[in-house]
Each structure stands twice: as C-alpha cells, then as structure tokens.
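**Student:** Got a predicted model here, sequence first, then my questions.
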Amino acid sequence: MEYTKLGNSDLNVSRICMGCMGFGNAKSGMHSWTVDEEHSREILKRGLELGVNFFDTAAGYQGGTSEQYLGRALRDFAKRDEVVVATKFFPRSAEEIANGVSGKEHILGLLDRSLTNLGMDYIDLYICHMWDYHTPIEEVMEALNTAVTSGKVRAIGISNCFAWQLAKANYIADKNGWAKFVSIQGHYNLLFREEEREMVPFCKDQNIALTPYSPLASGRLAKKPSELSKRLQEDTYAKGKYDATKEKDAIIIDRVGELTKKKGLTRIQISLGWLLTKVTAPVVGATKVSHIEEGVKAIGVQLTPDEIAYLEEPYVPHALVGVMRENP
C-alpha cells in the first residue's frame, strides 16, 4: 500500500479509499444491490489487512446503515487513530427549509447523527454531498468551521460541485479564517473525464485532493461488455449516467480489454492504474472481497505514456450526468 497526505490537511490516507455505498440494509435505501453486515465486515476486514486506512460513507446511504456497519466493523478490526473515516451530508430538504431549520442547524444535526451511527467521537473528513443552492455558502462554511473547532471533525471536503464553487467557498473561508475544503469527490473515470476541464487543474494548483467516486463507471470498466452483475442490472441511477453514451464508451472499454491481455492484468487494475496517475485516492466501491483485492493491486500498475494516450484518445465530450445534471 502507498500513503499520501490528503491535500492541505494532516490526514495520511491510503491511495485507495474504500467506498461503502455498497454496504447497508438493502431494504432501507435507494439501492437494492447492497450487501448485508456479515459480508460488509468480511470486505472491510480484508481491506484493512491490505493496508487500506481510508473509508468513505454517507448519512444517506441505506438509511444510515452503511455508517452503522462501517463503524461497528472498524471498532472490532482497527484502532480509531489508524483509520481515516469520511462521511457526507445532504443539503437541507424542502420540508426543513419550510419549517425554518437553518443551514447550520441542519449540518450540525446531521453530524451528530453520523457520529451516533458510526459510534465515534469525531469524523476525520466531513463532506458536503453536493453544492447547496438553497443555503448561503457563508452559512455552510461557518457551520463546518464550528464542526472543526468543536473537535468533532478534523477536515472538510465537498462532492459534486463546479470548480468556481469550490474556489468561492474556500475564498470565503480564507477571508474569515475558517476551515477550508481540502478535498473534492467528483465523478471521474476513463468514461467520464469532464473534471479535467477546470476542476483537476484548479485542485492541482491549490493542492486540493482529488478523491473521485465511480472510478470504474459503476462496474462498466471492471467487466467484459457481455458480463452482468446484480448492480449492472438493477442500478437504474447508474444506467441514467452511462447508457446514453455506451456506444462511444465501448471503444474505451475495448481498449482497456486489449491492455489487460498485453500486460497480464485485470480490467480493474488497468482502469484504476490509469486513474491513479491523475488523483490522490479514488473511492473504490466493493461488494465482494475480490473487488478490494483487485483495487489494491492497481497501485503497482505501471502504464507507459503511450498506453495512457491509447486509453484516452477515443474520449469525446460528455454531457453532465447524475447529481451535476440535476443541479439548478
């Protein structure tokens, strides 16, 4: 395993972050393909054995059961000060806004709920799950600074935003002497590279860590086009992100397959090996022990400049998808 600092923070993280969206009660959230606590524990234990110390979950994953599974497993298998736990919070709901719940009350309330779910006294990285268009960013940053100064949070990050928004948020924080975002969790993989236009160069300039989600395009970069899985069949949200461009993306997927034969590696290793040349730590979801084992093996993958160019050459611009498309 390799380790690195998470942007401008003092958090020392593994180059592979285990994504825990696949853990949780399948009857408690939007995903029907998540794995139960017993299997989640097997995967988490194996990740720890392989040197993974960075884990990402969210309050919204399967009604909080993802946080609960993660917290219980880490208490049993790891020392708290040897792991880096990230969780995320959603913006205020329309009902909260109508009832006069402030942005600060919302953020700090969800923080306490996540701490309870995790069974922890603090969270290493607390992440805005997406830009909040209904709350002034000054209020968001002040609340997050309160979370940091209270000792309940060590560092803050954001997911699903534009580069100008990240720049604005950190400018406001800097002006007020508040904690700044040290990481961005965006949608970035071989099939979706729109982050390279502005977010990637901005973060490199500011030493903000890139910890992208969906590094394997919800499994599309991990399997042959003819292979199916429960997630590929049932994840309607991922279908909405990738089905519209599957013919163009198929060329890239074929090239990943060609390189696996040439180098004697797996599709996961090639796809993550490429991404590891670009980012701090991809968030690799796992619903089987083999998923995290393959993910960790990607750290040792060496791709030549010609091989990287071969993988990148067929890419064409993509429209925004998922959360970024839904933003007003």
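**Tutor:** Looks like it arrived, so ask away. Numbering: from 1, shown residues only.
**Student:** what about the closest residue to residue 279 other than its chain neighbours, distance to residue 10?
**Tutor:** Spatial nearest neighbour of residue 279, excluding adjacent residues (CB to CB, 6 or more residues apart in numbering): residue 210 at 3.9 Å. All C-beta spots, glycine's among them, are computed from the backbone N, C-alpha and C. The spacing between residue 210 and residue 10, counted by CB to CB, to the nearest Å, is 18 Å.
**Student:** And for residue 171?
**Tutor:** 22 Å.
**Student:** Who has more neighbours out of the two?
**Tutor:** Shown here are residue 171 and residue 10; by other CB atoms under 10 Å, residue 171 has more neighbours (13 against 9).
**Student:** Residue 165 and residue 130 touch, don't they?
**Tutor:** No. Using CB atoms under 8 Å as the test, residue 165 is too far from residue 130 to be in contact (10.2 Å).
**Student:** Which one's more surrounded, the two?
**Tutor:** More crowded of residue 165 and residue 130, by other CB under 10 Å: residue 130, with 20 against 17.
**Student:** so that one sits in a strand?
**Tutor:** No. Counting by DSSP: H, G, I helix; E, B strand; the rest coil, residue 130 is not part of a strand but coil.
**Student:** can you pull the contacts of the closest residue to it other than its chain neighbours?
**Tutor:** Nearest in space to residue 130, with sequence neighbours left out and distances taken as CB to CB, 6+ apart, is residue 160 at 4.0 Å. Residue 160 makes contacts with 129, 130, 131, 185, 186, 187, 322, 323, 324, 327, as judged by CB atoms under 8 Å, 6 or more residues apart in numbering.
**Student:** tell me the phi and psi of the third one?
**Tutor:** Dihedral pair for residue 131: phi -60, psi 140, per degrees, to the nearest 10.
**Student:** show me what contacts it?
**Tutor:** Residue 131 neighbours (CB under 8 Å, 6+ apart): 91, 158, 160, 161, 162, 165, 327.
**Student:** and the second one, what does it touch?
**Tutor:** Shown in contact with residue 158 (CB under 8 Å, 6+ apart): 127, 128, 131, 166, 169, 181, 183, 184, 185.
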